[in-house]
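Student: A structural model of the following input is requested.
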Amino acid sequence: MRRRRYPSDMTDAEWALIEALLPPAACEIGRGRPEKHPRREIIDGIRYLVDNGIKWRAMPSDFPPWRTIYGFARRWAAAGVISLIRDQLRRRVRLSSGKTPQAAAVIVDSQSVKASETVSRDSRGYDAGKKINGRKRHIVVDTRGLVLLVMVTPADVTDRNAAKEAFFRLHLMHPEIAIVWADSAYAGGLVDWAKERLDIEIKTVRRPPGAKGFVVLPRRWVVERSLSWIMRARRHCRDHERLPQVSETLITWAAITLMTRRLTRKPTRRPTRASTAPTVMAAAA
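Tutor: Below you'll find the model as predicted:
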């Protein structure tokens, strides 16, 4: 095992959470050879790439080969392992904060980001409203800001059109969801369609009449905060992935990192007045 040296490396407590959710290795069920590299180093490599925004080929030499890390990331995403880890961690975070394990109300929004030259023309577009040539991220979060769904499309796809596929996926994975909070871009015929087909009620949150500049809007600020959390990972300041599915996977990994850190961080205790009194008296003396 290599020495832990990067801020993105998992702690022992984080690894204990992730390891319990990973599928057994092929050699453990008699279907293949033993894995050459420890899985903890594979996940640390994925987290390093997401956190620092490097190229796949620029993976530091103390990690496993970049092709190995990329292969594990793609296979786990295709098998639904990443979604399972995300959902299980979200349930634990909700339970630890006194919420029910499943969310009945969610918030949806989108974010247009520029795309690198590695993004092909058929998976990118021009968002005339934001004046961005690239891709658009559609994200669904619960009332705690925890990610339930990520979908990446060309930037010229409207929120209303992308929402039909996003809400359909959401309904298949989480049939308990009944309310979706959104902005005015999701109004119109989409409201009737979601109610008739999926039994989901879309509630739009509009800006107050006459408001100028930035205004904190109820419900919508939660998903805006989640997008800012994801943007802290430098890989997501711009879309570099050739395949939208890889972008969705790496965004999900950023959300997973946020949840593992939240579950394993040590609570900070503020000094009480009684404990600070001797210090104050000594300083006065």
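Student: not counting sequence-adjacent ones, nearest residue to the spatially most central residue of the chain?
Tutor: Centre of the chain computed as the mean C-alpha position; nearest residue by CA atoms, centre = their mean is A255, 3.1 Å away. Take A255 and drop its neighbours on the chain: the residue closest to it by CB to CB, 6 or more residues apart in numbering is V147, 4.1 Å away. Every residue, glycine included, has its C-beta placed from N, CA and C.
Student: can you pull the pLDDT of the one you found?
Tutor: The per-residue pLDDT reported for V147 equals 96.
Student: contacting residues for it?
Tutor: Listed by CB atoms under 8 Å, 6 or more residues apart in numbering, the contact set of V147 reads 86, 90, 139-141, 226, 251-252, 255.
Student: which residues in the stretch 151-285 of the chain form helices?
Tutor: Under the criterion DSSP state H, counting those that start in this stretch, the stretch 151-285 of the chain contains helices at 159-173, 189-193, 220-231, 244-264, 273-284.
Student: and the closest residue in space to M10 that isn't next to it in sequence, what does it touch?
Tutor: Computed as CB to CB, 6+ apart, the closest residue to M10 that is not its neighbour in sequence is D44, at 6.0 Å. D44 is in contact with 6, 8-10, 63, counting by CB under 8 Å, 6+ apart.
Student: same thing with E19?
Tutor: 39-40.
Student: what is the nearest of the contacts of D44 to A166?
Tutor: S8 (28.8 Å; CB to CB).
Student: picking that back up, the helices of the stretch 151-285 of the chain: lowest mean pLDDT?
Tutor: helix 273-284 (a mean of 47).
Student: next one: phi and psi at A233?
Tutor: The phi/psi pair for A233 (degrees, to the nearest 10) reads phi -80, psi 120.
Student: find the nearest non-adjacent residue to it, please.
Tutor: A254 (4.4 Å).
Student: and of the contacts of D44, the nearest to Y126?
Tutor: S8 (33.2 Å).
Student: in a strand, that's where that closest one is, yeah?
Tutor: No. Using DSSP: H, G, I helix; E, B strand; the rest coil, the assignment for S8 is coil, not a strand.
Student: circling back: check which residues of the host helix or strand of the residue nearest to M10 are buried.
Tutor: Using DSSP states H and E, D44 sits within helix 39-52. Under the neighbour-count criterion of 16 or more other CB atoms under 10 Å, helix 39-52 has 39-51 buried.
Student: farthest pair in the contacts of V147?
Tutor: Taking CB to CB, no two of these sit farther apart than R90 and I251, at 14.4 Å.
Student: who touches stretch 186-195?
Tutor: Contacts for stretch 186-195 (CB under 8 Å, 6+ apart): 108, 159-160, 163-164, 167, 180, 200-202, 204.
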